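# would you be able to build a 3D model of this:
(2 chains)
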Amino acid sequence: MATVLVNDISVDIGDEKLNCVQAAQRAGVTIPHYCWHPALSVVASCRMCLVMVGEKKPDGSIAMQPKVVPGCQTPVKDGTVIQTMDPMATTAQKATLENLLLNHPLDCPVCDKAGECLLQDYSFKFGNASSRMVDEKNTPPNKPDIGANVSLFTDRCIMCSRCVRFTREVAGTAELHVVQRGNHSEIDIFPGHPLDNKLATNVVDLCPVGALASKDFLYKQRVWNLKTVNSVCTGCSTGCSIHLDTNKDVVYRLRPRFNPRAQGHFMCDEGRLGYHQVNSSQRFRKPLERGESGTRPIEWSAAVASVDRGFRQVSGVDPGNAWFVLSPFLTLEEAWLLASYARSVSPFVRIVSGPVPRVGEDDTYPKDRKGRPASNIKFTIRAEKCPNRKGVETIVSHFQKTPLSFGDLLQACDAGSAHFVYVTGGYSSAHPGFRVDDADKLSKVPNLIVHDLMPSALTDRANIVIPSAAFSEKEGTYVNHAGLAQSTVAGCVPLRGMRTDGQVFLDLLGRKGLVRAEEIRKEIGKAVSVLAALAQGSTGEFGVFTGSGS
Amino acid sequence: MPAIAEKNVRWVKHPKLSLAEQIYLPTIAQGMVTTISHLVKTLTGTNSIQTQQYPEQKPSLPPHYRGVHRLNRDEQGRVKCVSCYMCSTACPANCIDIVAAPSPWPDREKYPELFVIDELRCIYCGMCEQACPVDAIELTTIFDLTGMSREDMMFDKEKLLSVFDQTVAMGTDPVRTKGGRLSVAAEPAGSGLTTSSSAQS
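Predicted coordinates for the structure are as follows:
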């Protein structure tokens, strides 16, 4: 057991290997820092974390070093004493900030980082109110074409080199470099080699100031207007933990949220920019029914009643002719409710899990110099482009004892033995789940219900289309590739007049009231042994591992 | 709650009216004296109270009056606003709606593509002009704004700029522009916003 004394607060760090910044964090003391990041190597170049460090001798006396040292580079051990409020340390912090602000343009009103900028925060907390700079500031030209998704405002940079180390150590592609020297240092790329790796936009989150900006978010919103909830990226089966930033029920930005169990600190650009479908004007808003004279919008209650009637008609004759397809984009709760509905009518109704979109192989980072994956994997973009295959398959196998596949359904469609099919979708338009020939086969079904977000080849052939809610509008749980169950919160209310998928399934089941994911999670946890970890209702900040993994 | 002790209670009786008070006539006569004395003063031209003949005669209001907003133009006639959302953040009535876009001019990064103030929702507190870092928004002395519909009262960027032109033509600049005491950032050759982004490569 090792005890560290931070500003006279004693903190027990066990046998962990920590630096002064981390040890102080444990004690609830902020040591300001720019260049240090837990996922990157230590360079101790920004000099913001200068603190006084000393040692408590066995006889109880304290011997301090006679100078300030960078906290990020100084490991702590049993008896280490850290003083952040010592006059020598605070003078060093003030001097560092004054130096960093010498060439900073102070264009906070037009800077996208304003409001979540560490330079603003630390200047306010540790810096000076005025600058003694009398000379002209450096105004190097901006580099808006530094990458496809990233723009560089060169004059705002404080040369912490987090972005450079990220591209070298995590992405491995090493596009960014520091060019020039001293006061004229700049971040730059080699001509013709832009910052366009699949993790590129992480440098925007890493940048402690507004130098690197995401082109997707640039000038869209001021950050203090955004409301943030914890959510999960639905782009692939890695299931990155994210912050979902919304304003007035419009999603503006996804940011990675640190989760040691899921993905670590980062997320890929495809997931980060994959939210645009949510804000699409093409999304269905009302249930549609196809008659002789084309499709027409119908009321929600009529749609639910019509689906229920059609299902009971078919299952009254032969329940084996009724099929339910559970998409891997459904949350656990939705899959549970829909499968429960299918089973509530007859045990012979067939339940299958939907097609899983796969693109190539898992893409691992860092890459080596030639773009081949290196051995020390720090980030993986999975080939499986759906968030909840594992969870939905667990639910399906709980209800469907003789396993069936989506291919069996297509055969049944060809054979004419599928009379009622309820298909759930939610696939991203970049990786559609159903091919056109799948849709053609399914169009032979006399009563085809499609529950989806956007018009597709399949919804064109459906008898009834039920609009689906986007991942940002519903709460629920996703189980990632490793069996980690993470629950999400709704960041926005659904489009006007919409019902979430879970609510539709609850209505079909004839259960009263509004759908509450936590209650259903508890139900699932009690009923399904591999998902027993969900019985508590909450999955916490980092999620819980379920038995369906490995 | 404890009951109030009897000794602490004081009963107040309704005052009894005298006969003169009950018939009201003396009080009416007293009021008529005031009215007639003003009438006499007006007829003889000795009244000190002036009636302003509005709307034929417009009042001249002090430059710090908080009326309709205007969006200021810079020396080149472009909108001065840099679309920082400070005004809409400060606004207690949430009546300012801005959509920012990359600016078409090389000397700044951001400009308002849309800038709409709901003049019906506005409470004319003037916090927007206090929040503005570039003195782009000001409240003018124009107070008599009317409209035939709610949409008429949603002032967009063009309309707010036309208020600027109108007040400049009338010579009724608001107090800050009139006093010439603009903030550092609003100065054309200042060190702040306007020089930071001078080259967009």
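
# which residue is the nearest non-sequential neighbour of residue 172?
Just going to use chain A. Using Cβ to Cβ, 6 or more residues apart in numbering or on different chains and skipping the chain neighbours, the partner closest in space to A:Gly172 is A:Pro366 (2.7 Å). (Glycine included, C-beta is placed from N, CA and C.)

# oops, I was thinking of chain B
B:Thr141 (5.0 Å).

# show me what contacts the residue nearest to the spatial centre of chain A?
Most central in chain A under Cα atoms, centre = their mean is A:Ile242, positioned 2.9 Å from the mean C-alpha point. Going by Cβ atoms under 8 Å, 6 or more residues apart in numbering or on different chains, A:Ile242 touches A:Asn230, A:Ser231, A:Val232, A:Cys233, A:Leu254, A:Arg255, A:Pro256, A:Arg257, A:Met267, A:Gly271.

# repeat that for A:Val204.
A:Val204 sits in contact with A:Val150, A:Leu212, A:Ala213, A:Ser214, where contact means Cβ under 8 Å, 6+ apart.

# I'd like those residues as CSV, with pLDDT appended.
Output for those, formatted as CSV (pLDDT from 0 to 100):
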residue, pLDDT
A:Val150, 96
A:Leu212, 96
A:Ala213, 95
A:Ser214, 95
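
# next step: those restricted to strands.
A:Val150, A:Leu212, A:Ala213, A:Ser214 (DSSP state E).

# and for residue 33, the neighbour number?
If you meant another chain, say so; for now it's chain A. 24 (other Cβ atoms under 10 Å in any protein chain shown).

# not quite, go with chain B.
9.

# one more: A:Met133?
For A:Met133, using other Cβ under 10 Å, the count is 14.

# one more: the one 10 residues further on?
Using other Cβ under 10 Å, the number of residues around A:Lys143 comes to 22.

# one step back: out of the contacts of A:Ile242, which is nearest to A:Glu334?
Distance to A:Glu334, by Cβ to Cβ, is smallest for A:Val232 among the contacts of A:Ile242, at 14.3 Å.

# tell me who's in contact with that closest one.
A:Gly239, A:Cys240, A:Ser241, A:Ile242, A:Ala262, A:Pro387, A:Phe471, A:Tyr478, A:Gln486, A:Thr488.

# quick one: secondary structure of the fourth one?
To tie it back to what came earlier, the one meant is A:Ile242. strand (DSSP: H, G, I helix; E, B strand; the rest coil).

# gap between it and chain B?
24 Å (Cβ to the nearest Cβ, to the nearest Å).

# quick check: bridge partners of that residue?
A:Ser231, A:Pro256 (DSSP bridges).

# how about stretch A:335-352: buried residues?
By neighbour count on 16 or more other Cβ atoms under 10 Å in any protein chain shown, the buried set for stretch A:335-352 is A:335-343, A:345-346, A:349-352.

# so which of those residues are in strands?
Counting by DSSP E, the buried residues of stretch A:335-352 contribute A:Arg350, A:Ile351, A:Val352 to strands.

# closest to A:Asp205 out of those residues?
For those, the nearest to A:Asp205 is A:Val352 (39.2 Å; Cβ to Cβ).

# could I get the contacting residues of the closest one?
So A:Val352 contacts A:Trp323, A:Phe324, A:Val325, A:Leu326, A:Val396, A:Gln400, A:Leu404, A:Ser405, A:Phe406, A:Asp408, A:Leu409 (Cβ under 8 Å, 6+ apart).

# what do you get if the cut-off is 6 Å, keeping everything else the same?
Counting by Cβ atoms under 6 Å, 6 or more residues apart in numbering or on different chains, A:Val352 makes contact with A:Val325, A:Leu404, A:Phe406, A:Leu409.

# quick check: closest non-adjacent residue to the second one.
If I follow you right, that is A:Leu404. Nearest to A:Leu404 is A:Val352, by Cβ to Cβ, 6+ apart, at 4.9 Å.

# what's the separation between the one you found and B:Pro62?
77 Å (Cβ to Cβ, to the nearest Å).

# then A:Ile298?
Taken as Cβ to Cβ, the span from A:Ile298 to B:Pro62 is 62 Å.

# kindly report the same for B:Thr177.
In terms of Cβ to Cβ, B:Thr177 sits 14 Å off from B:Pro62.

# residue boundaries of the strands in chain B?
B:69-71, B:96-102, B:110-118, B:137-139, B:154-155.

# deepest-packed of those strands, please.
strand B:69-71 (a mean of 26; mean count of other Cβ atoms under 10 Å in any protein chain shown).

# picking up where we left off before, quick one: which of the ones in strands among the contacts of A:Val204 is nearest chain B?
Chain B lies nearest to A:Ala213 out of these, by Cβ to the nearest Cβ, at 10.0 Å.

# count the residues that sit near that closest one.
A:Ala213 - counted by other Cβ under 10 Å - has 23 other residues nearby.

# A:Trp323 should be in a strand, yeah?
Yes: A:Trp323: assigned to a strand according to three-state DSSP.

# tell me the bridge partners for it.
So, taking DSSP bridges as the rule, A:Trp323 has A:Arg350, A:Val421 as bridge partners.

# and it, how many neighbours?
27.

# just to check, it is in contact with A:Ile351?
No: contact criterion Cβ atoms under 6 Å: A:Trp323 and A:Ile351 do not qualify, at 7.7 Å.

# next, the residue nearest to B:Thr172: phi, psi?
Dihedral angles of B:Thr141 (phi, psi; degrees, to the nearest 10) stand at phi -90, psi 0.

# same thing with A:Val465?
phi -110, psi 130.

# roughly how far does it sit from B:Lys110?
41 Å.

# how about B:Cys125?
Applying Cβ to Cβ to B:Cys125 and B:Lys110 gives a distance of 25 Å.

# now B:Ser83
For B:Ser83, the distance to B:Lys110 - Cβ to Cβ - is 5 Å.

# what pLDDT does the model give residue 14?
Looking at chain A here, since you left the chain open. A:Gly14 carries a pLDDT value of 89.

# please refer instead to chain B.
Value for B:His14, per-residue pLDDT: 91.

# would you map the helices across the stretch 201-350 of chain A?
A:202-206, A:269-272, A:300-317, A:332-345 (DSSP state H, counting those that start in this stretch).

# tell me where the chain has helices.
Here I'm looking at chain A. Here chain A has its helices, by DSSP state H, at A:20-26, A:87-100, A:118-126, A:162-169, A:202-206, A:269-272, A:300-317, A:332-345, A:389-399, A:406-415, A:436-442, A:457-460, A:501-509, A:517-527.

# my question was about chain B
Using DSSP H, helices in chain B cover B:19-23, B:25-44, B:86-90, B:127-131, B:157-170, B:175-179, B:193-196.

# which residue packs closest to A:Leu534, ignoring adjacent ones?
Among residues not flanking A:Leu534 along the chain, A:Gly525 sits closest, at 3.7 Å (Cβ to Cβ, 6+ apart).

# A:Ala535 is in contact with that neighbour, correct?
Yes: taking Cβ under 6 Å as the definition, A:Gly525 is a contact partner of A:Ala535 at 2.9 Å.

# comparing the two, which residue is more hemmed in?
A:Gly525 (20 against 14).

# show me what contacts the more buried one?
Applying Cβ under 6 Å, 6+ apart, the residues near A:Gly525 are A:Leu531, A:Ala532, A:Leu534, A:Ala535.

# how does chain A divide up, domain by domain?
Domain assignment for chain A by automatic domain parsing gives A:2-92, A:108-279, A:288-361+A:384-545.

# with chain B instead?
If you go by automatic domain parsing, chain B breaks into B:15-50, B:69-183.

# give me the distance between the two termini of stretch A:205-220.
End-to-end span of stretch A:205-220 (Cα to Cα, to the nearest Å): 16 Å.

# among the helices of chain A, which is nearest A:Ser281?
When these are compared by Cβ to Cβ, helix A:457-460 sits nearest A:Ser281, at 15.9 Å.

# one step back: let's have the domains of chain B in JSON lines, adding distance to A:Glu169.
Listed next are these as JSON lines, based on distance: least, Cβ to Cβ, whole Å:
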{"stretch": "domain B:15-50", "distance to A:Glu169": "80"}
{"stretch": "domain B:69-183", "distance to A:Glu169": "31"}
